[in-house]
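Engineer: from the sequence below, what's the structure:
(chains A and B)
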Amino acid sequence: MKRNKSVSLRINDRCRREQIASNETLLETLRRLGHTEVKCGCEKGDCGACAVLVDGTAVDSCLTLTWAVKDRAITTVSGLGTADTPHPLQTAFIERGATQCGYCTPGIIVAAHSLLQNVTNDPSDDDIRYALSGNLCRCTGYTKIIEAVAEAARVIREEE
Amino acid sequence: MNEAVDRMQQNTKTEFRLVGKPLPRIDAPGKVYGKTLYAGDYAMPGMLHAKVLRSPLASARIARLDVAQAWQLPGVACVLTAGDLVNQTVSTDFPDRVSAKPGQNNQPILVGDVIRYHGEPIALVAAETSAIAQQAIDLIELDLEPVAGVYDPFEALAPGAPIICGSDNIVSQYKVRKGDLEAGFAAADTIIENTFRTQFVEHAFLEPEVGLAWLDDYDVVNIRVSTQNVERFRDVAQALGIAHSKVRIMGAMVGGGFGGKNDITVEIFIALLAKASGRPVRMCYTREESFLGHAKRHPFTITHKTGFTRDGKITAAQIDMTSDSGPYVFLSPYVLMYATEVAAGPYRVDNLHIDSRAVATNNMYTGAFRGFGAAQACIAYEQQMDEAAKILGIDPMELRRRNLLDTGDATATGYRIESAVWIDECATRVIEALGQRSTDSGPIKIGRGLAVYQQPYGRLLWLQDTVEAWLSIELDGTVLVRCGMPDIGAGQISTLAQIVAEVLGLGMDDVTVYNSDSAATPFAGAATAVRGVYMAGNAVRLAAQAIRGRLADRAAQEFGARTELIDIAEGRVFVIDDRQRSMALTELIALCAADGIHRSELAIFRAPFGDPLDPETGQGQVHPDYTFGAHAVEVAVDTDTGEVTVTKSVSAHDVGQAINMQAVEGQIEGAVAQGHGYALSEELIYREGQLVTPSLSEFLCPTSMDMCRVQSIILESRTGLGPFGAKGASEVGLTPAPAAIANAVADAIGVRIHDLPITPEKVINALQSKEDLLSRSFRERGTAGIEEA
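Structural biologist: Below you'll find the predicted structure:
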């Protein structure tokens, strides 16, 4: 893969110029740049483990070509919050036991963020199920994930 | 008073500070902030990337294999085929164990001659990038002559069938002979016979197999890998022809295992390539390769012939089980043993014959998967109970109640259960929790189903299972734990920390656990067999108790009080009935250090050991103990489309003692979801041994849209053999769920589908055949009053 294209990337609020290959996926670029929080599960858009936010909307980074998202805001789960400044979704996932093996978690949290940010901050369980339907979780049975997203939504509404 | 109740009362006296509480797991923050490093997140300078050439056919002979062009591709560092290997095969069994017939237990590392399954590895390439490695794989010339294969275990048993394994394709077989079968059937008022079938299932852990191998300055082969079992270093050493002590396997947080990462995955491949190339080598399976590259859940065909009295007492049972082992042995004998042991269910069956066998075919090889044979057995025995209930006209729960085992009763293998058997309690709770029954509307038919189970935890007694754990208390009062147990996402590490914190009166943050390293953490075996909390939990408990004992002795001396009166909590040590007499824990540790008192402990926990079952009668003790519970569901079946929707799903288990209530619920909810998928949608389809469903869009695990809320009900008898009376809880949620769903569908549509998964197509066909049966019956007998199938 020849890296012969120079693009500016905005990843978690930081701007950088990078040489990329024209057929490089956003998943490949992000992991090459050290964003190991973006997980590879299938490279086919079936599992959602690699989901990130592009301008606030969750996309599968394995199905996104990097040049196509140059200059756009790319946010991974680490860009949403840290241990010092946790996002309510992250806090709720910890407290509600919504992460087990954790491999789907980065994708699920950004998909939930996309729901709360772009669709509704007062989602029903069915809204949450629909929003997460592109993200497979093999550990939790989704019960605690749905509780955690509903809990985070409540916290966000109270903050607003 | 029986022993179980006695043990329960002893355990109830204990008040816990942390145990049982739904504490956030210590591994959770790293995972939600994206900080946790999985095996695939590690890289090294000069690292090569590796790929495997796999067979496109399931049964063939290699006529020609030419890797010359692959070698010539710029960027290729190493190409290996069977001819390059020191040892051609590696054992697929436990180290030093031979569960099948001698000489059958080995699998080729790379095939040089006969290919026995679709996807079998033929050649390895390591190159500067994975793209180059893949190009090199594509440049390998391979000419395969198809060989007649066999793809059905019953055909594999027929005379003249191609022989895939051993002399007769029988990988292992067992029998149970108990009581007088003939007399039992003679005493029956009704004899009911049914055959049930289960399918191949994929684990579909989200993290595909991945690892990184490198040689250090002492020629030790180091491997960082996603695994449930770091003790596979022995297999790697065997494959490379080097000493066990020259291979070190380090795990990482595992992105799901469910049994699928218990066997060797990439370890031997990357070790061979690292040794041959002298450079670090990373290999990561694609999703398709993951589907092709590891053992699947065994399909079983199970026939039950059961005799009942008019009032629903079982008089006799004859059970026949056949599982598909694929071409190699792996864990097939063990999975078959679990299935055989619980084949009759948690019921009193005095007159019992069980015959079981694992049979070799050219389908994918099969192995460990959550439930480990006990799940397949439950799918059969619990559907059989519902069929019997229907024919006898007895409520399904009532029929079960009349036959349930109790503490002190003998299981199928004659072992008398010592712990509590709270099946009735669990079943009563799940039925209650379903609440008001929904009503049919138009084509939507409502059905309800129940299933109960018994599931062993811990290893077979004749595997002499032990776990070691090392623990030290530092001068600042924090604790370091070393225990080899991998964390595969179930919360193993957090649970061990919680147990240690409980014993030593510390907070969770005071305990740091190092795990999953074959060189640096004491051996703990695999994170399988529902043994994490039971075995490793007991080992860390013993180590913590030893240290606590020494601390208490020294404090007692200081305070002039009896040792039993010393307690430690929240960083202070005090006399229980006189809290004025106290000191900081750090002060006490300093006193111990000044006296040269040992501040660390290496503990070993030994499970009960025992002999294998009597080969003629199948009698004896197989496992240390069992977990019991029940599952109930309500389903809505669309009789126009055949779609089955589970609308309510309730799972109750006596887990003995939950260590972390939230983690236990999580285990059960997740296992139940896998049970839903098993019942309704998950199926690997092999045609002539070739996998035709190698993706997550063809093999359908439940999505968030497919799952209803799972309600878990946790009961605690405190009669288990784990720490604080815990029983195993990590696999049990799966076991009864498929049978409960199958029973609910039969209840909804009035006809049973005997083969999992219950797809819309099968529902429509079943409804159609029921209609045909009814109309034929009208014609032939002029009556609609026939018994439904």
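Engineer: now do the SS call for the spatially most central residue of chain B.
Structural biologist: Centroid check for chain B by CA atoms, centre = their mean gives B:Arg370 as the closest residue, at 2.8 Å. Following DSSP: H, G, I helix; E, B strand; the rest coil, B:Arg370 is assigned to coil.
Engineer: run through who's touching whichever strand or helix holds B:Ala358.
Structural biologist: Element membership for B:Ala358, per DSSP states H and E: strand B:352-359. For strand B:352-359, the surrounding residues in contact (CB atoms under 8 Å, 6 or more residues apart in numbering or on different chains) are B:153-154, B:156-157, B:169-179, B:181, B:298, B:316-325, B:332-333, B:335-336, B:339-340, B:343-344, B:412, B:618. C-betas here are computed from N, CA, C, even on glycine.
Engineer: buried ones among those residues?
Structural biologist: Taking 16 or more other CB atoms under 10 Å in any protein chain shown as the criterion, what is buried in the contacts of strand B:352-359 is B:153, B:156-157, B:169-178, B:181, B:298, B:316-325, B:332-333, B:335-336, B:339-340, B:343-344, B:412, B:618.
Engineer: hmm, back to that, right, and the residue nearest to the centre of chain B touches B:Ala673 too?
Structural biologist: No - using CB atoms under 8 Å as the test, B:Arg370 is too far from B:Ala673 to be in contact (11.1 Å).
Engineer: shared neighbours of the two, anything?
Structural biologist: In terms of CB under 8 Å, 6+ apart, B:Arg370 and B:Ala673 are not both contacted by any residue.
Engineer: for the longest helix along chain A, packing partners?
Structural biologist: As assigned by DSSP state H, the longest helix anywhere in chain A is helix A:143-159. Packing partners of helix A:143-159 (3 or more CB pairs under 8 Å, 6 or more residues apart in numbering or on different chains; DSSP states H and E): helix A:88-95, helix A:105-118, helix A:125-131, helix B:661-680.
Engineer: and chain A, is the longest one touching that?
Structural biologist: Yes - using CB under 8 Å from any CB of the partner chain, helix B:661-680 reaches chain A at B:662-663, B:665-666, B:669-674.
Engineer: what does whichever helix or strand comes after that helix contact?
Structural biologist: Going down the chain from helix B:661-680, the next helix or strand is strand B:686-687, by DSSP H and E. If you take CB under 8 Å, 6+ apart as the criterion, strand B:686-687 is touched by B:58, B:118, B:151, B:200, B:363-364, B:692.
Engineer: can we see that at 6 Å?
Structural biologist: B:Asn363 (CB atoms under 6 Å, 6 or more residues apart in numbering or on different chains).
Engineer: now it: average pLDDT?
Structural biologist: Mean per-residue pLDDT for strand B:686-687: 98.
Engineer: for the chain, which spans come out with low pLDDT?
Structural biologist: If you meant another chain, say so; for now it's chain A. Applying pLDDT under 70 to chain A flags the ranges A:1.
Engineer: that answer is for a different chain, and I need it for chain B
Structural biologist: B:1-14, B:94-103, B:777-789.
Engineer: okay, domains of it per the record?
Structural biologist: B:1-36+B:431-449+B:624-789, B:41-149+B:204-293, B:466-606 (automatic domain parsing).
Engineer: could those domains go into a markdown table alongside distance to A:Asp55 and mean neighbour count?
Structural biologist: Output for these, formatted as a markdown table (distance: least, CB to CB, whole Å; neighbours: other CB atoms under 10 Å in any protein chain shown):
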| stretch | distance to A:Asp55 | mean neighbour count |
| --- | --- | --- |
| domain B:1-36+B:431-449+B:624-789 | 20 | 21 |
| domain B:41-149+B:204-293 | 26 | 20 |
| domain B:466-606 | 32 | 20 |
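Engineer: tell me which helix or strand comes right after the one helix or strand B:Ala375 maps to.
Structural biologist: Per DSSP H and E: B:Ala375 is located in helix B:374-392. Counting by DSSP H and E, the next helix or strand C-terminal to helix B:374-392 is helix B:396-401.
Engineer: ok so, going back, distance to B:Leu767 for the helices and strands packed on helix A:143-159 - can I get that in a markdown table?
Structural biologist: Formatted as a markdown table, the helices and strands packed on helix A:143-159 follow (distance: least, CB to CB, whole Å):
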| stretch | distance to B:Leu767 |
| --- | --- |
| helix A:88-95 | 42 |
| helix A:105-118 | 37 |
| helix A:125-131 | 28 |
| helix B:661-680 | 16 |
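Engineer: so what's B:Gly720 closest to, chain neighbours aside?
Structural biologist: Computed as CB to CB, 6 or more residues apart in numbering or on different chains, the closest residue to B:Gly720 that is not its neighbour in sequence is B:Gly656, at 2.9 Å.
Engineer: how is that neighbour assigned, secondary-structure-wise?
Structural biologist: B:Gly656 is classified as coil under three-state DSSP.
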